[in-house]
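> Okay, structure incoming, though there's no sequence with it:
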Ligand SMILES: NC(=O)C1=CN([C@@H]2O[C@H](COP(=O)(O)OP(=O)(O)OC[C@H]3O[C@@H](n4cnc5c(N)ncnc54)[C@H](OP(=O)(O)O)[C@@H]3O)[C@@H](O)[C@H]2O)C=CC1
Ligand SMILES: CC(=O)N[C@@H](CCC(=O)OP(=O)(O)O)C(=O)O
């Protein structure tokens, strides 16, 4: 059994990692950390894990992380970069659900995250953990940077178009809507029911840190491009719906066929039949990204809709997918669950 440690187990990402890893046939959860809940049973904080995870939270300084085969960080940005080097030196593989190892340029990190990178020398060995793009590299990685949640929805929706060079590279627009669990479990006024309920707002319009991440990934496959990215907070708990717009450069493109062929072999990307629209509730709790592409009106603009569960394909599910790849397991192991609907 692969021994896994979870740092940041008392947050939403950590809880979701436990939900997925506890029944995983090849993984044993060795330790789960929380500073605030250290010494208390996991199931006291998360009753849905009663009888499933029979561990107490441990303080991250005392937890036997170096004895694990893999440590997953579900911590705020800036935490994993402090602890990962020692773990990697001890032979432990690391998957970071935060942004610490996603941007390859430490200057970009400084600009968007406001601090110096603690281990810029490790950035080159980090593999960006989007299996649909980087499957082979992930298989031999030691350090995986799990993508951002908005980034996963937007990138999977635009990759076929950008990769095939059929859209104008300066015309990309991503309008992405997230439920409040995307902001984490830590109390904040903006995610109170009375603030976020019965309301809808855009945020980060002047600049959001997921924009350079999406741009970096798309530029790997399509060269220089321009992208407008506007995230929104919507009054639901789980889910991201990204509506994506691009001007077609090649009007003869059969967009439906392009998407179907790009994702034909992908276990977690579902391209809907022409004319259908995906909705977030169809992926609630599952690791699926469900997509649809259309050319409304005069057909010059392609509109893609992409839905994911931010905590699953947008975070913990994708991390488990990456873990499976790292350890040579079938990619779908432990991720076969079907979404909840309604
Ligand atoms: N929520 C989402 O939809 C997604 C989240 N992510 C990313 O995943 C990461 C976790 O997100 P999420 O679970 O929502 O966040 P939460 O705020 O819900 O949880 C954060 C966890 O980290 C722990 N923690 C905080 N500070 C430290 C520290 N200095 N050292 C060790 N542990 C610490 C907290 O527990 P304690 O303070 O008790 O130690 C808590 O368990 C973030 O980087 C987020 O950006 C990525 C994609 C989607
Ligand atoms: C609703 C909400 O506030 N969402 C967060 C997403 C945070 C997150 O999960 O960021 P990473 O994916 O980069 O780790 C935000 O937009 O800042």
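All right, it came through fine. Source: prediction; values computed, not measured. Residues are numbered from 1 along each chain as shown. Ligands and ions are numbered 1, 2, ... in the order given.

> before we move on, what SS does the nearest residue to residue 48 once chain neighbours are set aside have?
Distance criterion C-beta to C-beta, 6 or more residues apart in numbering; nearest residue to residue 48, sequence neighbours excluded, is residue 19 at 7.2 Å. Every C-beta, even on glycine, is put in place using the N, C-alpha and C of the backbone. When classified by DSSP: H, G, I helix; E, B strand; the rest coil, residue 19 comes out as helix.

> same check, this time on residue 232
Recorded secondary structure, residue 232: strand (three-state DSSP).

> Quick check, it in contact with residue 205.
No. Using C-beta atoms under 8 Å, residue 232 is not in contact with residue 205; the gap is 9.6 Å.

> Which one's more surrounded, these two?
A direct count of neighbours by other C-beta atoms under 10 Å for residue 232 and residue 205 places residue 232 higher, at 18 against 12.

> does any part of the longest helix anywhere in the chain sit near ligand 1?
Longest among the helix segments of the chain by residue count, using DSSP state H, is helix 149-164. Yes. If you take C-beta under 6 Å from any ligand atom as the test, helix 149-164 does meet ligand 1, through residue 149.

> Can you name every helix or strand that that helix contacts?
When contacts are defined as 3 or more C-beta pairs under 8 Å, 6 or more residues apart in numbering; DSSP states H and E, helix 149-164 packs onto helix 131-139, strand 172-178, helix 210-222, strand 227-233, strand 240-247, helix 255-262, strand 289-294, strand 301-308.

> from the middle of its chain, how far away would stretch 277-294 be?
14 Å (C-alpha atoms, centre = their mean, to the nearest Å).

> Quick check, residue 100 in contact with residue 78.
Yes. Counting by C-beta under 8 Å, residue 100 does reach residue 78; the two are 6.6 Å apart.

> who has more neighbours, the two?
Ranked by neighbour count (other C-beta under 10 Å), residue 100 and residue 78 place residue 100 first, with 29 against 16.

> ok, back up a step: okay, buried residues for the longest helix of the chain please.
149-162, 164 (16 or more other C-beta atoms under 10 Å).

> List just the nearest of these to ligand 1.
residue 149 (3.5 Å; C-beta to the nearest ligand atom).

> Quick check: phi and psi on the nearest residue to that closest one once chain neighbours are set aside?
Nearest residue to residue 149, sequence neighbours excluded (C-beta to C-beta, 6+ apart): residue 314, at 3.2 Å. Main-chain dihedrals, residue 314, degrees, to the nearest 10: phi -80, psi -10.

> Distance check, residue 314 against residue 176.
Distance, residue 314 to residue 176, using C-beta to C-beta, to the nearest Å: 11 Å.

> how far is stretch 303-313 from where the chain is centred?
Its chain's C-alpha centre and that of stretch 303-313 lie 10 Å apart, by C-alpha atoms, centre = their mean.

> Tell me the residues of the stretch 1-150 of the chain that contact ligand 1?
So the stretch 1-150 of the chain meets ligand 1 at 7-14, 34-37, 60, 74-77, 79, 97-98, 148-149 (C-beta under 6 Å from any ligand atom).

> can we see that at 8 Å?
Contacts of the stretch 1-150 of the chain with ligand 1, taken as C-beta under 8 Å from any ligand atom, map to 7-16, 33-38, 57, 60, 73-79, 83, 97-99, 146-149.

> got the contact list for residue 148?
The contact partners of residue 148, by C-beta atoms under 8 Å, 6 or more residues apart in numbering, come to 99, 102, 209, 210, 213, 314.

> Could I get these in TSV, plus columns for neighbour count, pLDDT and distance to ligand 2?
Putting the contacts of residue 148 into TSV (neighbours: other C-beta atoms under 10 Å; pLDDT from 0 to 100; distance: C-beta to the nearest ligand atom, whole Å) gives the following:
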residue	neighbour count	pLDDT	distance to ligand 2
99	23	98	5
102	25	98	8
209	21	97	6
210	24	97	6
213	24	98	7
314	30	98	7
